[in-house]
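**Student:** no sequence on this one, just coordinates:
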Ligand SMILES: Cc1ncc(COP(=O)(O)O)c(C=O)c1O
Ligand SMILES: Cc1ncc(COP(=O)(O)O)c(C=O)c1O
């Protein structure tokens, strides 16, 4: 695959102008997934208020698709209830980006995993 | 080898304007050598008078080199004593033609053999 | 060099359209199709994919991915035969069924395999070189791993009943390989209709570039690659893809398909003229089939005249012959031998291979040279004299077997 | 497509002089060198002979006939390795000594041979990829049939001490093959001086055409051919000779030899500029040897920035990377792995391959993009934050091994 030709306009836009880069101030959920040895690591921080994700930011080490899915997932979960966010699939993120090249599908899994990890973190903290 | 490039001017001249084609009238020596299945047959007729080859003609089925060596050998033996003609080597015929491509050397052997056969024939007849 | 080229079985010049398609790939679109991080690589990949479709269309292959690009038909044939044998490494008593007039690029690999215990079985041919289908079927058994039979012969132009062979192969469950090098662009071939599993293509025989060919490999056929290193071409043939060559082959395939009918009509009309002219010379024998032959091929024995000497008489005409005297091996054509054509006549045989650039005027020139040449050479030929005296020159007991090399 | 091409290890555009030499061979001098009955064939043979001399001169081969034309270095490497092993068919316990950073066109044939009982022995490398000569010598025994070590690596540009290896090989009486694809035209190689017995060449890596290469085969070295069918190229490689390709390779070889010194000086000055610029970015690590490397090669790990994302940031620049994310196999570079460079850094690595068409202005553009790209991507990188906090990202226990495919 050719990294330029096979990425959709939307993917390239999210890569070039990523939304919500950074760390949420006062985050109450943090998810870090991936492994540098595998070429991608994503850190997702969220702030949940009254069961709703009011803010989400990411930091990602990874290829263009990893950065774009990270950016897209933060956009998609903001304003969503936690339960809604929990059922957000990697497929939905990919669809929102207009699709990903076949060999890049695993990147969307990274974003889903990071989201789940951040929500898990929030839940385990809120239980205490 | 390339049949045009590897033949000398002399070979091509003897191929295009062969000398002494035909059958000597009143020949007293005839040599036929070669085999159609091998791609060349040469018939050499000579007329010997007082131990001297006074006429020689050829008919040849064969490649350009076979025709040229046939032509050359008739030229070379005319006027020669039989004993002189007997020691005429294929090498001498080749040299007279300015050389032959390596894969064509056997053709000069054909001419030498035909000459020997014609002289043998003359000798066996004259012994009787 | 203003020769009249009548040797189109040996190779063909590039079609202008083919060259035009290739030119941009040398200095502008020069990328390596394996480079997936930039536009150069992507463009090259696109060009290759397009050519793959063009080649697939020529032979009716449904899936362009079934086309493997190679360096030519010699490689395609070697890959089919050796690759197939190696893929059945563990099977013993293997055999491959073929015919004796295959190109050396089929026969030589088969000879190699014999050393490794794979037998070659030759199906019978009629006197025109057409395979005997019953004999072919009888040669196939459970140890037959491949049938390899050419579509058309490069010397005598004889066409094989490819579809009938395909049916027999399919019935026996044996893969069928055909060397279609000489046939493509002149004969319609369809791998589906004809039940072909492997098909060899060479660009330079159909107005494309030298050094590029292809192998059609039907899905499911297993081949062990000859060239490895990176796994290009579905792992069957590694090596940086020859993009200019591939683009040229693709274009040549497109043209071959597009122009086939008119091209064949053109060839047939030229050939009729040539054949008519030659028929005015006596004692000339046609080698190969009178009808089932390539439209651009004629092959005649001009009795009593050695082939090389006749080619010399046609100075300025590019011809080839079955004569030993034009081969470095000093052997007359094994193809003519396999048809039981006497050696004597093989030495007298000339192949005519017509092509796109030939004209009626050229045929006139050639006919004139042939007539004069044959006349002159027969006037020098002791065999012609004998024949006129009623002697059968083939059955004379010749005094000495002439030694070929000293 | 107005990209800045910095991927000259993958392939190169044709030199204009090379194209000019090739053009007449497509439609005018289009003959088959095997055709020995006419001028077209003869002219083609002449062109091939001339190219053979040009290639021989480039590598100091005394006898042009020791050059065998092939379809590329993949074929040359396969022929060397498999051909050599097959020629010693009857010998058992055979082994071949090589290094782990060879091109796949060496490693894959060796892998195939392992199935046939020929062992591969890897000589040790230092952290720059240079072979350990003592270890190499210790790996050779009476069953060693070949030593195959590249002249230069295509990823990290590391040069091997070819002559020292040649001496060791000669002392042990073992044939020495070198894949000189990346070195030719940049490094002086002489098969006599360097005791090389087999040497692989690819035209498209030195401004010649794709689909053509050569193998130098020293007299006396026996190889079983891979491609058979007519016995071209001293019986070692059959197939109609690719005359345009051969003419192109010949010309490319002539230019490579003629211009080597000035070309290397040009490359070194561009490279210095590029290296100086990159040295202004912090946390950048050079892969490969600081000095013993190809003059056109640089390979850097830009820590905390994944390679593909950095290539994306350099839009309009043709680059390649050691990152898994640019390879369809999803594996990071085996070359970097073999040097024990951590996977993490392999994913951050970018290869720069300079060439004839590059300019100082282009280097300025690229440096600007790199600086901005690295800065932006690090601002997004969680690893960069961790590193700045003093955490060693490589030795963190990562919560989950990310599954690559689902
Ligand atoms: C029938 C046939 N098969 C195979 C070949 C070999 O093909 P290539 O020239 O592409 O190696 C030829 C021509 O030489 C041929 O005529
Ligand atoms: C070192 C090396 N060897 C071999 C090859 C393969 O050569 P070719 O592209 O001619 O098949 C390449 C390039 O792909 C290479 O860089």
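**Tutor:** The structure has been received and is ready for your questions. Because the structure is predicted, anything quoted here is derived from the model rather than measured. Numbers count the residues shown, from 1 in each chain, chains lettered A, B, ... in the order given. Ligands and ions are numbered 1, 2, ... in the order given.

**Student:** How about the lengthiest helix in chain A, which residues are buried there?
**Tutor:** When chain A is parsed with DSSP state H, its longest helix is helix A:105-127. Going by neighbour count (16 or more other C-beta atoms under 10 Å in any protein chain shown), the buried part of helix A:105-127 is A:105-119, A:121-122. To be clear about C-beta, it is placed using only N, CA and C from the backbone, and glycine gets the same treatment.

**Student:** For the stretch 201-350 of chain C, which residues are neighbours of ligand 2?
**Tutor:** Residues of the stretch 201-350 of chain C lying close to ligand 2 (C-beta under 6 Å from any ligand atom) are C:239, C:240.

**Student:** Poorly predicted segments of the chain, please.
**Tutor:** In the absence of a named chain, chain A is used. Chain A contains residues with pLDDT under 70 at A:1-4, A:128.

**Student:** that answer is for a different chain, and I need it for chain C
**Tutor:** For chain C, the ranges with pLDDT under 70 are C:1, C:323-331, C:399-406.

**Student:** let's see it at 80
**Tutor:** Residues of chain C meeting the criterion pLDDT under 80: C:1-2, C:322-332, C:397, C:399-406.

**Student:** residue ranges of the strands in it, please?
**Tutor:** C:4-5, C:67-70, C:95-98, C:119-122, C:144-148, C:176-179, C:198-202, C:213-217, C:284-286, C:297-302, C:317-318, C:320-321, C:349-353 (DSSP state E).

**Student:** How far off centre is the longest one?
**Tutor:** Taking C-alpha atoms, centre = their mean, to the nearest Å, one finds strand C:297-302 lying 16 Å from the centre of the chain it belongs to.

**Student:** now the second one
**Tutor:** Taking C-alpha atoms, centre = their mean, one finds strand C:67-70 lying 18 Å from the centre of the chain it belongs to.

**Student:** Return the residues in contact with the nearest residue to residue C:318 once chain neighbours are set aside.
**Tutor:** In this structure, residue C:318 finds its nearest non-sequential neighbour in residue D:38, 3.6 Å apart by C-beta to C-beta, 6 or more residues apart in numbering or on different chains. If you count contacts by C-beta atoms under 8 Å, 6 or more residues apart in numbering or on different chains, residue D:38 has them with B:2, B:4, C:3, C:7, C:311, C:317, C:318, C:319, C:320, D:31.

**Student:** Who's the closest spatial neighbour of residue C:273, skipping the chain neighbours?
**Tutor:** residue C:363 (5.0 Å).

**Student:** Now for residue C:166: which residues touch it?
**Tutor:** Counting by C-beta under 8 Å, 6+ apart, residue C:166 makes contact with C:176, C:194, C:195, C:196.

**Student:** Those residues: which ones sit near ligand 1?
**Tutor:** Near ligand 1, by the rule C-beta under 6 Å from any ligand atom, you find none of the contacts of residue C:166.

**Student:** Closest one of the residues you listed to ligand 1?
**Tutor:** Relative to ligand 1, the closest of these is residue C:196; by C-beta to the nearest ligand atom it sits at 15.1 Å.

**Student:** What separation is there between that closest one and residue C:167?
**Tutor:** 11 Å (C-beta to C-beta, to the nearest Å).

**Student:** between those two, which one's more packed in?
**Tutor:** residue C:196 (27 against 16; other C-beta atoms under 10 Å in any protein chain shown).

**Student:** The more buried one reaches residue C:175, doesn't it?
**Tutor:** No: the pair residue C:196 / residue C:175 is not scored as a contact, 9.3 Å apart, by C-beta atoms under 8 Å.

**Student:** So for the two, which residues contact both of them?
**Tutor:** With C-beta under 8 Å, 6+ apart, residue C:196 and residue C:175 have common neighbours residue C:218.

**Student:** how near is residue C:33 to residue D:290?
**Tutor:** Counting by C-beta to C-beta, the gap from residue C:33 to residue D:290 is 33 Å.

**Student:** Tell me how many other residues surround the residue in the stretch 1-150 of chain C that chain A sits nearest to.
**Tutor:** Closest approach between the stretch 1-150 of chain C and chain A, counting by C-beta to the nearest C-beta: residue C:42, at 3.7 Å. As a burial measure, residue C:42 scores 21 neighbours (other C-beta under 10 Å).
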